[in-house]
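Sequence and predicted structure, then a few things I'm wondering about:
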Amino acid sequence: MINIKHLLKVASAWTSIVYTVCYVWMAIYPPVRIMTMRYAFHANTTFGVNYFSLGYFITGLIIWNIVAILAIWLFVWLFKTIKQ
């Protein structure tokens with residue numbers, strides 16, 4: 001059976017690490033934001049303001065951890081309800 005608490009902790013840690021690396025990379029090399037919008041999302045937009053501060057970082061980290069936890073809960077629920 002799935003250990004839900006362990007799975008949630010691992011997902012939260014993984015999300016935090018990936019988010020931190022991406023946030024730092026975007027802060028160090030800003031053109032990657034425009035390239036991501038253009039090539040990954042097929043949207044040609046420009047960013048007028050740089051939204052890089054500790055408050056934005058913490059807010060984004062909390063939001064993405066909540067999304068990851070909800071995704072894991074959905075996975076566990078589907079895993080338990082769908083029979084083989």
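Thanks, I have it.

Surely residue 26 and residue 51 touch.
No. Under the criterion of Cβ atoms under 8 Å, residue 26 lies out of contact with residue 51, with a separation of 9.7 Å. From N, CA and C alone the C-beta is placed, and that goes for glycine too.

neighbour count winner among the two?
When residue 26 and residue 51 are compared on other Cβ atoms under 10 Å, the one with more neighbours turns out to be residue 26, at 16 against 11.

element containing that one, please.
Element membership for residue 26 (DSSP states H and E) is helix 4-28.

list the helices and strands that helix packs on?
helix 31-35, helix 54-81 (3 or more Cβ pairs under 8 Å, 6 or more residues apart in numbering; DSSP states H and E).

of all those helices, which lies closest to residue 6?
Comparison of these against residue 6 by Cβ to Cβ identifies helix 54-81 as nearest, at 10.6 Å.

what mean pLDDT does the helix holding residue 26 have?
Along helix 4-28, the predicted local confidence has a mean pLDDT of 93.

mind checking how far it is from the chain centre?
7 Å (Cα atoms, centre = their mean, to the nearest Å).

quick one, it and helix 54-81 angle?
Between helix 4-28 and helix 54-81, the angle comes out at 150 degrees (axes from the mean of the first three to the mean of the last three Cα atoms, to 10 degrees).

Identify the residues contacting helix 4-28?
If you take Cβ atoms under 8 Å, 6 or more residues apart in numbering as the criterion, helix 4-28 is touched by 32-33, 52, 57, 60-61, 64-65, 67-69, 71-73, 76.

go again using 6 Å as the cut-off
33, 52, 57, 61, 64, 65, 68, 69, 72, 76 (Cβ atoms under 6 Å, 6 or more residues apart in numbering).

Which among those residues count as buried?
33, 57, 61, 64, 65, 68, 69, 72, 76 (16 or more other Cβ atoms under 10 Å).

any chance of these in JSON lines, with distance to residue 10 too?
Output for the buried ones among the contacts of helix 4-28, formatted as JSON lines (distance: Cβ to Cβ, whole Å):
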{"residue": "33", "distance to residue 10": "28"}
{"residue": "57", "distance to residue 10": "22"}
{"residue": "61", "distance to residue 10": "16"}
{"residue": "64", "distance to residue 10": "15"}
{"residue": "65", "distance to residue 10": "12"}
{"residue": "68", "distance to residue 10": "10"}
{"residue": "69", "distance to residue 10": "11"}
{"residue": "72", "distance to residue 10": "9"}
{"residue": "76", "distance to residue 10": "13"}
